[in-house]
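# Structure here, sequence nowhere to be found:
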């Protein structure tokens with residue numbers, strides 16, 4: 001359901017010509033950022049040619065995938081401008097001329113709309129770029145377009161279908177088209193897996209980067225809350241929200257994370273001064289990083305829901321040992337983490353407060369509060385609520401203030417429990433990281449009953465605000481499954497190094513085959 005330049009995309013797809021000035025086109029399918037940069041530096045391709053190829057692929061595959069929600073009508077012009085910069089001797093960095101897709105809850109101050117998948121926001125533009133978006137532009141990235149998502153980042157109803165929004169329709173999993181893309185960064189996961197752009201940006205409150213990355217065979221990085229700015233991003237929770245990279249390789253995710261990371265004075269949750277420095281995470285990537293690393297194997301509460309995920313996990317643990325890691329198995333925390341109801345209370349209370357503050361930055365939007373959004377959905381139920389309702393919105397509307405002492409104490413308690421849960425296990429066994437299955441294989445799309453998500457490992461790092469890096473650990477009947485590397489606050493560099501060593505030592509990433517259903 002592309003909403004911009006569809007005629008241009010269709011024309012490009014029909015002619016299938018990447019760029020008239022290049023005799024032999026550079027193939028973007030599964031291409032890494034380093035490969036693209038090498039080809040541009042050697043004159044074998046241009047940014048404009050790369051953008052053109054991605055637009056061709058979007059035109060060819062979008063009817064089946066529904067991952068993109070809008071195309072930037074200025075993408076080709078921006079690519080040409082960056083090519084001229086390169087020709088003049090200026091290369092801004094590793095993202096110079098590289099096309100990036102953004103989840104449609106990150107503001108862009110251009111001709112694209114930022115809607116969070118909702119028709120309530122789809123009619124008015126955002127007045128300015130989100131802080132992260134501005135960072136990417138400065139780094140030379142080309143904002144190729146916006147991706148579909150689970151509407152309002154999957155906080156509207158407990159019976160939602162991941163990847164569905166009123167604006168964008170249902171996103172599909174590129175590996176098996178009738179399977180869920182997971183959410184809420186569904187469109188980003190699908191699009192990057194299908195090579196519709198080089199890399200993508202997702203957001204996570206609990207699982208929304210790592211789950212769609214896992215089921216799409218991607219590397220997903222959920223950073224420590226406060227490492228990446230949230231200014232200009234449609235919010236759910238001030239204590240758990242973060243943006244993060246989604247990519248086909250750890251190296252590409254490291255490049256994107258480095259470009260996204262910088263201090264933002266307008267985000268109260270930003271990292272302390274000693275953690276705010278811009279960083280090139282590529283320098284930590286080491287194929288031998290697992291040699292001598294102490295890795296704790298989580299089992300309790302994160303296994304047992306999928307025999308396929310469990311089998312792949314056992315093989316992954318064996319691979320970690322083969323690659324030189326010292327394995328502590330099990331390394332489960334001393335106590336269970338029982339914060340489910342408490343986490344939901346925090347999310348819904350902070351949603352009501354944060355959404356009102358965000359909507360105040362969108363003066364042209366027809367909604368100014370959560371109550372307005374609820375009323376809009378009711379008035380437009382034939383389009384907005386054809387599959388599921390807005391039960392969570394209704395509960396959130398009845399929540400109290402984020403400044404209420406009882407709420408503040410409750411929120412602090414569950415965050416402390418989650419941090420003690422992870423830090424305790426890390427410290428007890430003197431671990432570099434914990435590992436767990438990110439989730440199971442993708443389930444069938446079911447708009448009538450909603451998601452059939454069986455289990456995962458995202459909750460503890462999400463509630464703690466700690467980092468989570470997922471990387472492919474294999475496939476179950478052609479459906480990808482990821483393994484998560486978990487650590488304490490600000491341990492992204494170490495987790496990326498470990499994930500890189502695992503990726504390089506196993507090579508589980510496979511391109512999607514767009515099968516209509518499981519054989």
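Here it is on my side, so go on. Being a predicted model, the structure only gives us computed values, none of them experimental. Numbering: from 1, shown residues only.
# For the stretch 51-200 of the chain, just list every one of the strands.
68-71, 99-103, 142-147, 164-165, 169-170, 199-204 (DSSP state E, counting those that start in this stretch).
# what do you get for the chain?
68-71, 99-103, 142-147, 164-165, 169-170, 199-204, 219-222, 242-247, 294-297, 326-328, 433-437, 468-476, 479-486 (DSSP state E).
# Columns distance to residue 422, mean pLDDT and mean neighbour count on top of the ones you listed, output as JSON lines?
In this view, the C-beta of every residue, glycine as well, is placed from N, C-alpha and C. Shown next, in JSON lines, are these (distance: least, Cβ to Cβ, whole Å; pLDDT from 0 to 100; neighbours: other Cβ atoms under 10 Å):
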{"stretch": "strand 68-71", "distance to residue 422": "35", "mean pLDDT": "97", "mean neighbour count": "28"}
{"stretch": "strand 99-103", "distance to residue 422": "26", "mean pLDDT": "99", "mean neighbour count": "29"}
{"stretch": "strand 142-147", "distance to residue 422": "30", "mean pLDDT": "98", "mean neighbour count": "30"}
{"stretch": "strand 164-165", "distance to residue 422": "32", "mean pLDDT": "98", "mean neighbour count": "30"}
{"stretch": "strand 169-170", "distance to residue 422": "35", "mean pLDDT": "98", "mean neighbour count": "16"}
{"stretch": "strand 199-204", "distance to residue 422": "16", "mean pLDDT": "99", "mean neighbour count": "31"}
{"stretch": "strand 219-222", "distance to residue 422": "13", "mean pLDDT": "98", "mean neighbour count": "32"}
{"stretch": "strand 242-247", "distance to residue 422": "16", "mean pLDDT": "98", "mean neighbour count": "29"}
{"stretch": "strand 294-297", "distance to residue 422": "10", "mean pLDDT": "98", "mean neighbour count": "21"}
{"stretch": "strand 326-328", "distance to residue 422": "14", "mean pLDDT": "98", "mean neighbour count": "16"}
{"stretch": "strand 433-437", "distance to residue 422": "7", "mean pLDDT": "98", "mean neighbour count": "27"}
{"stretch": "strand 468-476", "distance to residue 422": "10", "mean pLDDT": "98", "mean neighbour count": "26"}
{"stretch": "strand 479-486", "distance to residue 422": "6", "mean pLDDT": "98", "mean neighbour count": "28"}
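# Output the ones you listed in JSON lines, with distance to residue 372 appended to each entry.
Output for these, formatted as JSON lines (distance: least, Cβ to Cβ, whole Å):
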{"stretch": "strand 68-71", "distance to residue 372": "22"}
{"stretch": "strand 99-103", "distance to residue 372": "23"}
{"stretch": "strand 142-147", "distance to residue 372": "23"}
{"stretch": "strand 164-165", "distance to residue 372": "18"}
{"stretch": "strand 169-170", "distance to residue 372": "24"}
{"stretch": "strand 199-204", "distance to residue 372": "22"}
{"stretch": "strand 219-222", "distance to residue 372": "30"}
{"stretch": "strand 242-247", "distance to residue 372": "25"}
{"stretch": "strand 294-297", "distance to residue 372": "47"}
{"stretch": "strand 326-328", "distance to residue 372": "51"}
{"stretch": "strand 433-437", "distance to residue 372": "40"}
{"stretch": "strand 468-476", "distance to residue 372": "34"}
{"stretch": "strand 479-486", "distance to residue 372": "37"}
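# Of these, which is nearest residue 408?
Closest to residue 408 of the strands of the chain is strand 242-247 (Cβ to Cβ; 20.8 Å).
# Report the buried residues of stretch 78-97.
Buried residues in stretch 78-97, counted by 16 or more other Cβ atoms under 10 Å: 78, 79, 81, 82, 83, 86, 91, 92, 94, 95, 96, 97.
# need the contact list for the last one.
Put plainly, it is residue 97. Shown in contact with residue 97 (Cβ atoms under 8 Å, 6 or more residues apart in numbering): 36, 40, 46, 47, 50, 79, 82, 83, 86, 140, 142.
# Quick check: the gap between the nearest residue to the fourth one once chain neighbours are set aside and residue 85.
Looking back up the chat, that one is residue 47. Among residues not flanking residue 47 along the chain, residue 97 sits closest, at 3.1 Å (Cβ to Cβ, 6 or more residues apart in numbering). For residue 97, the distance to residue 85 (Cβ to Cβ, to the nearest Å) stands at 8 Å.
# so who does the residue nearest to residue 512 when sequence neighbours are not counted touch?
In space, and not counting its chain neighbours, residue 512 is closest to residue 174: 3.7 Å by Cβ to Cβ, 6+ apart. Residue 174 sits next to 61, 65, 67, 190, 193, 194, 216, 512, 514 when contact means Cβ under 8 Å, 6+ apart.
# And for residue 292?
Residue 292 makes contact with 324, 325, 326, according to Cβ under 8 Å, 6+ apart.
# ok, back up a step: between residue 97 and residue 85, what contacts are shared?
In contact with both residue 97 and residue 85: residue 140, using Cβ under 8 Å, 6+ apart.
# Can you list the low-confidence ranges for the stretch 251-400 of the chain?
Within the stretch 251-400 of the chain, the stretches with pLDDT under 70 are 273-278.
# for it, what spans make up the helices?
For the stretch 251-400 of the chain, the helices defined by DSSP state H, counting those that start in this stretch occupy 307-322, 340-359, 370-379, 381-384, 391-397.
# Out of those, which is the most enclosed?
Most buried of those, by mean neighbour count (mean count of other Cβ atoms under 10 Å): helix 340-359, with a mean of 19.
# Quick one: closest of the strands of the chain to residue 391.
Ranking those by proximity to residue 391 (Cβ to Cβ) places strand 164-165 first, at 15.5 Å.
# list the helices and strands that closest one packs on?
Applying 3 or more Cβ pairs under 8 Å, 6 or more residues apart in numbering; DSSP states H and E, we find strand 164-165 packed against no helix or strand.
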